[in-house]
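Trainee: Kindly return the folded structure for what I paste below:
(chains A and B)
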Number of protein chains: 2
Amino acid sequence: MERAALDRWGQGDPDGFLAISAPQVTYFDPFIGQRIDGLAALRQYYDGIRGQISIDRYELLNPQVEVTGDMAVLSFNFVSWTGKDEHRWNCTEVYRRIDGRWRIVQTHWSLTKQ
Amino acid sequence: MERAALDRWGQGDPDGFLAISAPQVTYFDPFIGQRIDGLAALRQYYDGIRGQISIDRYELLNPQVEVTGDMAVLSFNFVSWTGKDEHRWNCTEVYRRIDGRWRIVQTHWSLTKQ
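Mentor: Next up is the predicted model:
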C-alpha cells in the first residue's frame, strides 16, 4: 500500500495517499508549522502541491513493521532522486484496520541528517 | 509516561525514555543519518548525550492519541526553552502493550518548520 501510494506521489498525484488515509489522520512534514489534523485538512494541503512533485526514482530502505491486532507501525528511511537532486527522509506511518481496511492514522515525514 | 520521561530528559537524564522503550524500539531524530534499531543501540546513542541536555521549560502541545487494543500512537508538537533559545518539534510516539506494560516501539522526533 505504501509503495503504491508513493509511486503515485512521485508523479505529482497525492490521491493514492488520500485514498488510504483515515478520516482522523494526523500528519507531520518539515514544511508545516504544526500538525495537520484530519483528512479534509490533509486533502487541502495536498491539493496545494498537486502536480508539483516529480520523483524519477526512489528507494524505500530497511522497512520495519510492528503489528498488533488492528494497528501497525511502518518505519523506513527513504531516498528519492529528481534529476541530480537527492533527498533523504525518515518516515513513520501508523496504519489502523478500520472496517477491515488498513488506513493511515499518523504520518510523519522528516529530513534525514545529511 | 511521556511527560515523566520528558521531565527527566530535560535534566540530561535519558533513562526515563530507556525504561519505557521496548527491546525492539526504532528511533528517528534529526541528528542521525539512519534509523536506530533496538534498545541497545538507542542506549548507546543516548549515553553519548547523557548530561548534555538542559531544558528550562517545555510545552507539549495538542497531544492526540489513537488507540486500539495493544497499540497506541501519540503525536504532539513540542516547544522547549533553554535560556532564550526556543526549539520547536514534531513528535510521534508509538506505544505497544507488552506483558501488561506500555512500551515505546517507535519514536520519531523532527524539527518543526520555523
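
Trainee: Show the contacting residues for whichever residue of chain A sits closest to chain B.
Mentor: Residue nearest to chain B within chain A (Cβ to the nearest Cβ): residue A:110, separated by 3.2 Å. Bear in mind the C-beta positions are built from the backbone N, C-alpha and C, glycine included. Counting by Cβ atoms under 8 Å, 6 or more residues apart in numbering or on different chains, residue A:110 touches A:28-30, A:89-91, B:28, B:30, B:90, B:108, B:110-111.

Trainee: List the buried residues for the helix or strand residue A:7 falls within?
Mentor: Applying DSSP states H and E as the criterion places residue A:7 in helix A:2-9. For helix A:2-9, the buried set under the neighbour-count rule, 16 or more other Cβ atoms under 10 Å in any protein chain shown, comprises A:2, A:5-6, A:8-9.

Trainee: What of stretch A:63-83?
Mentor: A:66, A:68, A:71-78, A:80.

Trainee: can you pull out the strands in chain A?
Mentor: Using DSSP state E, the strands of chain A run over A:21-28, A:36-37, A:57-67, A:71-82, A:85-98, A:101-111.

Trainee: The third one and chain B, are they touching?
Mentor: It stands for strand A:57-67. Yes: contact of strand A:57-67 with chain B (Cβ under 8 Å from any Cβ of the partner chain) involves A:61-62, A:64, A:66.

Trainee: Now pLDDT too, for those residues, in JSON lines please.
Mentor: Shown next, in JSON lines, are these (pLDDT from 0 to 100):
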{"residue": "A:61", "pLDDT": "97"}
{"residue": "A:62", "pLDDT": "96"}
{"residue": "A:64", "pLDDT": "98"}
{"residue": "A:66", "pLDDT": "97"}
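
Trainee: mind putting those in a markdown table, distance to residue B:17 included?
Mentor: As requested, the residues of strand A:57-67 next to chain B are arranged in a markdown table below (distance: Cβ to Cβ, whole Å):
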| residue | distance to residue B:17 |
| --- | --- |
| A:61 | 25 |
| A:62 | 22 |
| A:64 | 19 |
| A:66 | 17 |
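
Trainee: Which residues of chain A lie near chain B?
Mentor: Going by Cβ under 8 Å from any Cβ, the residues of chain A near chain B are A:24, A:26, A:28, A:30-35, A:37, A:61-62, A:64, A:66, A:68-73, A:75-77, A:90, A:92, A:94, A:96, A:105-106, A:108, A:110-114.

Trainee: Determine which two of the buried residues of helix A:2-9 are furthest apart.
Mentor: Farthest pair in the buried residues of helix A:2-9 (Cβ to Cβ) is A:2 and A:8. Separation: 11.2 Å.

Trainee: Quick check on the residue located most distally from the centre of chain A: phi, psi?
Mentor: Here the centre of chain A is the reference, and by Cα atoms, centre = their mean the most remote residue is residue A:84, at 22.6 Å. Main-chain dihedrals, residue A:84, degrees, to the nearest 10: phi -90, psi 0.

Trainee: pLDDT at it, what is it?
Mentor: pLDDT for residue A:84: 93.

Trainee: And the one 4 residues further on, by the same measure?
Mentor: In this model, residue A:88 is scored at 97, pLDDT.

Trainee: That one touches residue A:76, doesn't it?
Mentor: No: Residue A:88 lies out of contact with residue A:76 (Cβ atoms under 8 Å); the separation is 11.6 Å.
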